[in-house]
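In: For reference, the sequence and a predicted model appear below.
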Amino acid sequence: MSNRLTADLASGALTEALADIAEDAARVILPYWRSGVVAERKGDDSPVTQADREAEALILERLAAAYPDIQAVAEEAASADGLPAQAADWFWLIDPLDGTRGFVEGRESYTVNIALIHDGAPVAGVVVAPATATTWRSVAPGKGAERRRFGESWQTIRVRQRPDAPTALLSHSMSDEEARRLASRHGCVQWQGTDSSLKFCLIAEGRFDAYPRSGPTSEWDTAAGQAVLEAAGGRVLAEDGKPLAYGKSCFANGAFVALGG
């Protein structure tokens, strides 16, 4: 553990650096988008493209150069080389291209995700949506959350107070019947489907109210989005009602719900 990492975390310089890295990864990804890129199938039958691999290689190289000796758990490396036996006290969780299916189909809602975990909790996170050139970050512990368009200044974001008719965000992969049932379970009378960790960010900036998830996800799918949402005043709760934690067995999540105000 380096003094630089903890100092940068406290000052906000860490997520400033992570945002620059994630935006550079987005620039690696963008030439592949809507270019006829072909996905391969991994062992778990999920898709992967050359864009995923190149973006992850850039992220891992830059993190290792800036903050050496911090364990990194990244989706494509884990698929190729296996997961670590256990998580360190401090570690990175990286999803270089969340929403690969939608990316291959030409949809906009795919993201780059980098999170820092400490003692099982996401303490810093950055999410980038390459298609819209938008970045979200947790600033620093207790300092809130921000959004920017590439090359522009940061703007503060915050969850909204829960309205009388709350709206949920749900995975595109769900049937309409399942989506209505899951949304209503959390008091939402309307719902909209979208891909990736973008759902956390749209709740964080006050446009939606809940993201319930019943199916399995990996920790790298949720960590950066959770960091942003919690910094913006929201919550991400596991089935036991406690904050969704990290470094679990196989780095796998159970059911959870992300909530705004």
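Out: Here it is on my side, so go on. If you're wondering where the values come from, they're calculated on a predicted model, not measured in any experiment. Residues are numbered from 1 along each chain as shown.
In: Quickly find the element holding Glu16.
Out: Using DSSP states H and E, the element containing Glu16 is helix 13-29.
In: now the helix or strand immediately after that helix in the chain, how far from the centre of its chain.
Out: Next in sequence after helix 13-29, counting helices and strands by DSSP H and E, comes strand 40-41. Centroid displacement of strand 40-41 relative to its chain, using C-alpha atoms, centre = their mean, to the nearest Å, is 22 Å.
In: Within its sheet, name the partner strands of the following helix or strand past strand 40-41 and how each one runs.
Out: Sequence-wise, the next helix or strand downstream of strand 40-41 (DSSP H and E) is strand 47-48. Strand 47-48 pairs in its sheet with strand 40-41 (antiparallel), by DSSP bridges.
In: what does the partner strand rub up against?
Out: Outside strand 40-41, the residues that touch it by C-beta atoms under 8 Å, 6 or more residues apart in numbering are Pro47, Val48, Thr49. Every residue, glycine included, has its C-beta placed from N, CA and C.
In: Can you list the helices and strands that whichever strand or helix holds Ala72 packs against?
Out: Element membership of Ala72, judged by DSSP H and E, is strand 71-74. The contact analysis (3 or more C-beta pairs under 8 Å, 6 or more residues apart in numbering; DSSP states H and E) places strand 71-74 against helix 50-66, strand 90-98, helix 219-231.
In: Now find how far off-centre the helix or strand following that strand is within its chain.
Out: Sequence order places helix 75-81 as the next helix or strand after strand 71-74, per DSSP H and E. Averaging C-alpha positions (C-alpha atoms, centre = their mean) puts helix 75-81 17 Å from its chain's average.
In: what comes up buried for helix 75-81?
Out: Residues of helix 75-81 classed as buried by neighbour count (16 or more other C-beta atoms under 10 Å): Glu75, Glu76, Ala77, Ala78.
In: Turn those into a markdown table, columns for pLDDT and distance to Thr194.
Out: A markdown table is the format used below for the buried residues of helix 75-81 (pLDDT from 0 to 100; distance: C-beta to C-beta, whole Å):
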| residue | pLDDT | distance to Thr194 |
| --- | --- | --- |
| Glu75 | 93 | 20 |
| Glu76 | 92 | 23 |
| Ala77 | 91 | 27 |
| Ala78 | 90 | 25 |
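In: which one of those is nearest Ala258?
Out: Closest approach to Ala258 among the buried residues of helix 75-81 (C-beta to C-beta): Glu75, at 19.7 Å.
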